[in-house]
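Asker: sharing a model that was predicted from the sequence below.
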Amino acid sequence: MAIFCFPRPQSFLRLIPLRTATEFILFLLGVNKVTGLYGILALLTGYPLNPLQLSHYIYSLAVLGPICYLSPAIRGQQDSSSTVKVIALAWVYVLDTVINSVYTMLFGLGWFALLARQAGEGSGALDGMGQGTMNETAGFTSPEHDVSKVDIFTTPAPGAMPGQEARLYAISGSLSSAVLSQGSVSTLAVLVALWVIRVYFCVVVLSYARSTLRAYIASTSATSYSTASDANIAENPFRHGRAEGEGWRGALGRSMLRFPTKRYWLGRDESQAEWASGADARLEGARGLRIKVPGGSVGGVGERERRARSGTGPSVPMLPLKGKAEY
């Protein structure tokens with residue numbers, strides 16, 4: 001048995017079917033990508049955008065196109081074209097999750113770099129990354145120097161009899177205090193929770209694509225698990241030699257079924273294997289079973305007589321009339 005088995009949920013939180021959940025998840029993704037259009041429109045108003053923000057808005061618009069093109073395949077006909085589109089849509093969502101995580105990490109590093117700069121500590125290569133817009137919208141970068149505590153040290157002034165000289169030393173917060181402050185920790189907790197939810201959404205979308213592929217295999221392929229070259233792997237519908245495996249669509253289908261593993265897409269489910277082994281065991285135990293039908297034996301009741309007494313035997317034949325009736 002494998003040490004790690006990729007999750008294969010049959011429903012969303014055991015409450016919602018996979019197809020309905022997939023449609024809702026992709027709808028949320030489409031709404032999220034529409035924000036890229038507003039970011040591009042902000043350029044027309046003269047709003048300054050740093051290169052990181054501009055690349056994110058352009059990427060959002062680039063992903064919105066495939067989502068709108070592939071989403072109708074969820075409720076389309078169960079053919080090879082729709083199956084490839086559903087699997088491609090699942091991988092678009094997974095790749096978008098990875099790329100969005102990178103963008104979130106970069107924006108987060110820029111934000112903490114801004115906090116470190118305000119705390120009086122440099123942040124190396126991260127200093128100034130995306131901070132032009134943050135400085136204008138943060139609301140706390142003016143005045144430039146902010147302190148959390150002020151210590152006053154007094155020393156006698158040289159040559160001055162009646163007075164003293166006061167010196168002020170501003171002690172700023174450290175980088176760790178800026179990152180691990182109450183607001184920053186809560187922000188990190190929210191980001192981690194959102195990432196966990198997004199990963200579960202990826203599992204749901206992949207599971208729906210997997211169920212769509214297996215339904216297509218069951219309806220079109222004549223090769224079952226027991227007759228395939230590998231008893232635990234079903235036939236790949238996009239293999240060479242089949243109509244679905246020709247051209248770029250077949251190459252795309254074969255490449256998409258390689259990850260996370262080929263067994264995930266085409267392998268036999270453990271529940272099916274356990275059921276099959278249990279059925280084989282029951283059949284093996286039933287081979288020695290012999291059912292004897294009681295017959296007419298000496299000192300016993302014959303089967304015909306027993307059925308006649310119980311009313312389940314054949315009807316009694318009518319006796320022919322031996323003479324004519326007299327009136």
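Answerer: Everything's here; your move.

Asker: now do the strands in the protein.
Answerer: 11-12, 16-17, 149-156, 164-171 (DSSP state E).

Asker: pretty sure Ala215 contacts Gln78?
Answerer: Yes - using Cβ atoms under 8 Å, Ala215 makes contact with Gln78 at a distance of 6.4 Å. For glycine as for every other residue, the C-beta is placed from the backbone atoms N, C-alpha and C.

Asker: compare the strands of the chain and say which comes out lowest on pLDDT.
Answerer: For the strands of the chain, mean pLDDT drops lowest on strand 164-171, to a mean of 52.

Asker: skipping its backbone neighbours, what lies nearest Ile25 in space?
Answerer: Phe201 (5.0 Å; Cβ to Cβ, 6 or more residues apart in numbering).

Asker: against Arg258, how distant is the one you found?
Answerer: Distance of Phe201 to Arg258, given as Cβ to Cβ, to the nearest Å: 22 Å.

Asker: circling back to that earlier point, which pLDDT value goes with the residue nearest to Ile25?
Answerer: Note for Phe201: predicted pLDDT of 96.

Asker: for it, give me its contacts.
Answerer: Contact partners of Phe201, counting by Cβ atoms under 8 Å, 6 or more residues apart in numbering, are Ile25, Tyr93, Thr97.

Asker: likewise Ala209?
Answerer: By Cβ under 8 Å, 6+ apart, the neighbours of Ala209 are Val86, Ile87, Leu89, Ala90.

Asker: narrow those residues to those that are buried.
Answerer: Buried members of these, counted by 16 or more other Cβ atoms under 10 Å: Val86, Ile87, Leu89, Ala90.

Asker: so, low pLDDT: which residues of the stretch 101-250 of the chain?
Answerer: 115-183, 221-231 (pLDDT under 70).

Asker: before we move on, back to that, just the buried ones among the contacts of Ala209: which are in helices?
Answerer: Val86, Ile87, Leu89, Ala90 (DSSP state H).

Asker: okay, these in TSV with distance to Phe112 and pLDDT next?
Answerer: Compiled in TSV, these are given as follows (distance: Cβ to Cβ, whole Å; pLDDT from 0 to 100):
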residue	distance to Phe112	pLDDT
Val86	39	95
Ile87	38	95
Leu89	35	95
Ala90	33	95
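
Asker: between the buried ones among the contacts of Ala209, which is closest to His56?
Answerer: Leu89 (21.4 Å; Cβ to Cβ).

Asker: quick one: residues contacting the nearest residue to that closest one once chain neighbours are set aside.
Answerer: In this structure, Leu89 finds its nearest non-sequential neighbour in Leu70, 4.2 Å apart by Cβ to Cβ, 6+ apart. Contact partners of Leu70, counting by Cβ under 8 Å, 6+ apart, are Lys85, Val86, Ala88, Leu89, Val92.

Asker: quick one: Leu70 from Cys202, how far?
Answerer: Taken as Cβ to Cβ, the span from Leu70 to Cys202 is 16 Å.

Asker: show me the contacts for the nearest residue to Asp269 once chain neighbours are set aside.
Answerer: Spatial nearest neighbour of Asp269, chain neighbours left out: Arg8 (7.3 Å); criterion: Cβ to Cβ, 6+ apart. The contact partners of Arg8, by Cβ under 8 Å, 6+ apart, come to Ser207, Arg210, Tyr264, Asp269.

Asker: since we're on the second one, how many residues are nearby?
Answerer: Right, the one you point to is Arg210. 20 (other Cβ atoms under 10 Å).

Asker: my guess is it contacts Tyr264, does it?
Answerer: Yes - assessed by Cβ under 8 Å, Arg210 is found in contact with Tyr264 at 6.9 Å.

Asker: and the nearest residue to Leu26 once chain neighbours are set aside, how many residues sit next to it?
Answerer: Nearest residue to Leu26, sequence neighbours excluded (Cβ to Cβ, 6+ apart): Ser71, at 5.6 Å. Counted with other Cβ under 10 Å, the neighbours of Ser71 add up to 20.

Asker: for Ser71, give me its contacts.
Answerer: Contacts of Ser71 by Cβ under 8 Å, 6+ apart are Glu23, Leu26, Gly30, Leu89.

Asker: tell me the helices in the stretch 1-150 of the chain, going along the chain?
Answerer: 18-44, 51-70, 80-118, 131-138 (DSSP state H, counting those that start in this stretch).

Asker: can you tell me which of those is most buried?
Answerer: Highest mean neighbour count among the helices of the stretch 1-150 of the chain (mean count of other Cβ atoms under 10 Å): helix 80-118, with a mean of 18.

Asker: for that helix, name the packing helices and strands.
Answerer: With contacts taken as 3 or more Cβ pairs under 8 Å, 6 or more residues apart in numbering; DSSP states H and E, helix 80-118 sits against helix 18-44, helix 51-70, helix 131-138, helix 175-179, helix 182-220, helix 247-256.

Asker: this completes my enquiry, with thanks.
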